[in-house]
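return a 3D structure for these sequence lines:
(chains A and B)
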Amino acid sequence: MIPEFFKNTVSTVRSINQKYAKPQIKMTPMVKFSLLSLRLYLIFLVGILIYRFITMLR
Amino acid sequence: MEKEFTAQPVVESAPAPFPGVNGKSRTSQRDASMNALSKLYYRYKKILKVIRLFLIIAGPGIIVMVADNDAGGITTYTATGAKYGFRLIWFLILLGPVAYYVQEMTVRLGAVTKRGHAEAIFHAFGSFWGWFSLLDLVLLNWLTMITEFIGMTAALGIFGVPRVLTVLMASVLMGTMVIQGRYWTWEKAAMVFCVLNLIYIPAAFMINPPISQVLRGCLIPQIPPGGFTNELFFFVMANIGTTIAPWMIFFQQSAVVDKSLQEKDITGGKVDTAIGAFFTVAVAAFCVILTGTLLPGQNIYDAASAAAKFMGINKQLGTFLAIGLFDAGFLGAICISLASSWAFGEVFGWAHSLNNKVKEAPWFYAYYFFGIFLAGTVVLIPHAPLVLITLFVQVIAVTLLPAALVFLILLLNNEETMGRYKNTLFQNIANITIVTLIIIVSTLYGISALFPNILK
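Numbers count the residues shown, from 1 in each chain, chains lettered A, B, ... in the order given. Now for the predicted structure:
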């Protein structure tokens, strides 16, 4: 029952990924710039989180 | 050739007018007064119709804004009042329009696209950003729900109610509100709890606060004595951080969709949001007035300890504060749990409306109850790291809030989807300014939570 549940979930996730594979918003320069800034911001945040986690472990 | 017969209108000669006052006949006077009365009656009926229509549309905006004053929010406001008295009320008032401008965008987006925020992100930006937003939301909402349960158990703990009983009671109440299968019923029940959230207002009047000082704090922007210290900056960041939370964006947009609001209802939705923003600010201000009057200069770490101190001063006052704190946690919990359930349902394609009965939307309700169960049980674990969890909420909110706000603005500027409801130039200037400010402040707040000494 549990393996079947996971199998169904994985296939549902795959179908969602296929459904939303292509972004529908018009990729204007503003949109591209915003998404790039967001990625850089999140990389920065994740970096800080990892650094803090490491320093806490030490 | 026969003459065509055409019917002629029958014209009756008007009766000779009776003599009346000022040369006008009594008939024309009577006609004039009947005209005025009927115009008045017509206007009255029109206003009544507008009010009735608004009461039908109202709901998502008021609920999300009042629920924004959740357990964490009440804690922040009571701590702010105790620390700085009435000196920062003007700043809280400024946060009202900030909350309004952000939440108003969700009304337009939901009414036009008929999609919740999670689905809208997936659809517009693809599966990477969609999964990032959804999974981040789920984690953040779970942690936030734990803090709401902490608030509820602490509030009723003042009356000696065991934590288990509080968690059970709250869970049963939350479940009862949703399983009857009508969004309308859930909404009206939530509105009752919103009214209860206003309990801080009569409580503040009970203590006879110094009106002149309160008005000064409301109307004159000022920095407390000592200048702009790191501690003040921390409080400012905390207040901004508690005003806009990611779950609010997802909740209101999904609620608008579940309520089936149409484009023609957008104006009503905006008024609903504006009224909600007013109540948010009012409750925040009165919380500050309460602790600013009775506990000035004291360090308050949570609203429950403030309520316990109030119990020592005036039992009725302490009771009001405790009830308010329980209500704040409860409102927050019902909205946050729904925000997650709606988001999951939208993306996974389950039936996900409160208008569906449990049998019609089993996965939607299963997720809802599972969320309550997961959050409630954590609070009951002995020695659970509840302070650490509260800290995590602040940090994780920083990862989701900027993304949710940026996506909101980008979606509202997409002319293909929004048509004539896209952001105007003024709205873009206002919203981009607000979003930039929120991102900067919430980032600094998150960093200061991770590195407490960094701002010292």
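
so what does the residue in the stretch 351-456 of chain B that chain A sits nearest to look like in phi/psi?
Nearest residue of the stretch 351-456 of chain B to chain A: residue B:450, at 4.7 Å (Cβ to the nearest Cβ). (C-beta placed from N, C-alpha, C; glycine too.) Here is the backbone geometry of residue B:450 (degrees, to the nearest 10): phi -80, psi -40.

can you give me the distance of the residue lying closest to it once chain neighbours are set aside to residue A:42?
Using Cβ to Cβ, 6 or more residues apart in numbering or on different chains and skipping the chain neighbours, the partner closest in space to residue B:450 is residue A:52 (4.7 Å). Plainly put, residue A:52 is 15 Å away from residue A:42 if you go by Cβ to Cβ, to the nearest Å.

could you do residue B:135 as well?
13 Å.

what about those two, which has more around it?
residue A:42 (16 against 11; other Cβ atoms under 10 Å in any protein chain shown).

so what's that one closest to, chain neighbours aside?
residue B:399 (6.6 Å).

and the pLDDT for that neighbour?
Confidence at residue B:399, expressed as pLDDT, is 80.

counting neighbours, what do you get for it?
21.

likewise residue B:131?
Residue B:131, neighbours per other Cβ under 10 Å, totals 18.

any idea which helix or strand carries the residue nearest to residue B:450?
Take DSSP states H and E as the rule and residue A:52 turns out to sit in helix A:29-57.

can you give me the helices for the stretch 1-150 of chain B?
Using DSSP state H, counting those that start in this stretch, the helices of the stretch 1-150 of chain B run over B:26-57, B:60-68, B:71-84, B:89-113, B:117-125, B:127-157.

before we move on, back to that, quick one: residues contacting the residue of the stretch 351-456 of chain B closest to chain A.
A:48-49, A:52, B:395 (Cβ atoms under 8 Å, 6 or more residues apart in numbering or on different chains).

pull out the buried members of those.
Buried by 16 or more other Cβ atoms under 10 Å in any protein chain shown: A:48-49, B:395, out of those.

ok, so of those residues, who is nearest residue B:237?
Closest to residue B:237 out of these is residue B:395 (12.8 Å), distances taken as Cβ to Cβ.

find the nearest non-adjacent residue to the closest one, please.
Nearest to residue B:395 is residue B:446, by Cβ to Cβ, 6+ apart, at 5.0 Å.

for residue B:88, same thing?
residue B:80 (5.8 Å).

so residue B:102 sits against residue B:249, correct?
Yes. Contact criterion Cβ atoms under 8 Å: residue B:102 and residue B:249 qualify, at 7.1 Å.

now the common contact residues for these two.
Counting by Cβ under 8 Å, 6+ apart, the residues touching both residue B:102 and residue B:249 are B:405, B:408.

show me where pLDDT drops low in chain B?
Residues of chain B meeting the criterion pLDDT under 70: B:1-26, B:31, B:454-456.

could you redo the last one with a cut-off of 50?
For chain B, applying pLDDT under 50 flags the ranges B:1-21.

just give me the residue closest to the centre of it.
Closest residue to the average C-alpha location of chain B: residue B:65 at 1.2 Å, with Cα atoms, centre = their mean.

helix/strand/coil for the residue nearest to it when sequence neighbours are not counted?
Distances taken as Cβ to Cβ, 6+ apart put residue B:276 closest to residue B:65, at 2.9 Å, once the chain neighbours are dropped. Secondary structure, DSSP: H, G, I helix; E, B strand; the rest coil: residue B:276 is helix.

residue B:276: what's it in contact with?
Residues near residue B:276 by Cβ under 8 Å, 6+ apart: B:61-66, B:103.

try 6 Å this time
By Cβ atoms under 6 Å, 6 or more residues apart in numbering or on different chains, the contact set of residue B:276 is B:61-62, B:65.

any idea how far it is from residue B:106?
Counting by Cβ to Cβ - residue B:276 and residue B:106 are separated by 12 Å.

okay, now the unreliable bits of chain A?
Flagging of chain A using pLDDT under 50 yields an empty set of residue ranges.

contact residues of it facing chain B?
Proximity of chain A to chain B (Cβ under 6 Å from any Cβ of the partner chain) is limited to residues A:17, A:20, A:23-25, A:31, A:34, A:38, A:45, A:52.

buried among those? Make that a PyMOL selection.
Those of the residues of chain A next to chain B that count as buried under 16+ other Cβ under 10 Å are selected in PyMOL with:
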select buried, chain A and resi 20+23+25+31+34+38+45
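
can you tell me which two in the residues of chain A next to chain B are farthest apart?
Between any two of the residues of chain A next to chain B, the greatest separation by Cβ to Cβ is 36.8 Å, found for A:24 and A:52.

what segments of the stretch 151-300 of chain B are helices?
Going by DSSP H, counting those that start in this stretch, the stretch 151-300 of chain B shows helices at B:163-179, B:183-196, B:200-206, B:211-219, B:230-243, B:246-258, B:266-294.

quick one: residue B:136 and residue A:39, what's the gap?
14 Å.

who's more crowded, those two?
Each of residue B:136 and residue A:39 has its neighbours counted (other Cβ under 10 Å); residue B:136 has more, 19 against 13.

could you pull up the contacting residues of that one?
Residue B:136 neighbours (Cβ under 6 Å, 6+ apart): B:399-400.

same deal with the one 10 residues further on?
The neighbourhood of residue B:146, defined by Cβ under 6 Å, 6+ apart, consists of B:375, B:378, B:389.

cutoff 7 Å now
B:375, B:378-379, B:389 (Cβ atoms under 7 Å, 6 or more residues apart in numbering or on different chains).

could you do residue B:240 as well?
B:95, B:438, B:441.

so can I have CSV of these showing distance to residue B:368?
Listed next are those as CSV, based on distance: Cβ to Cβ, whole Å:
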residue, distance to residue B:368
B:95, 30
B:438, 29
B:441, 32
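
top helix in chain B by residue count?
Counting residues, the longest helix found in chain B (DSSP state H) is helix B:315-348.

now the following helix or strand past it, how far from the chain's geometric center?
Toward the C-terminal end, the helix or strand that comes next after helix B:315-348 (DSSP H and E) is helix B:362-380. Distance, stretch centre to chain centre, for helix B:362-380: 22 Å (Cα atoms, centre = their mean, to the nearest Å).

what are the buried residues along helix B:362-380?
In helix B:362-380, counting by 16+ other Cβ under 10 Å, buried: B:364-365, B:367-369, B:371-372, B:375-376, B:378-379.

so which of these comes closest to residue B:144?
Residue B:144 lies nearest to residue B:375 out of these, by Cβ to Cβ, at 8.6 Å.

fine by me, thanks again.
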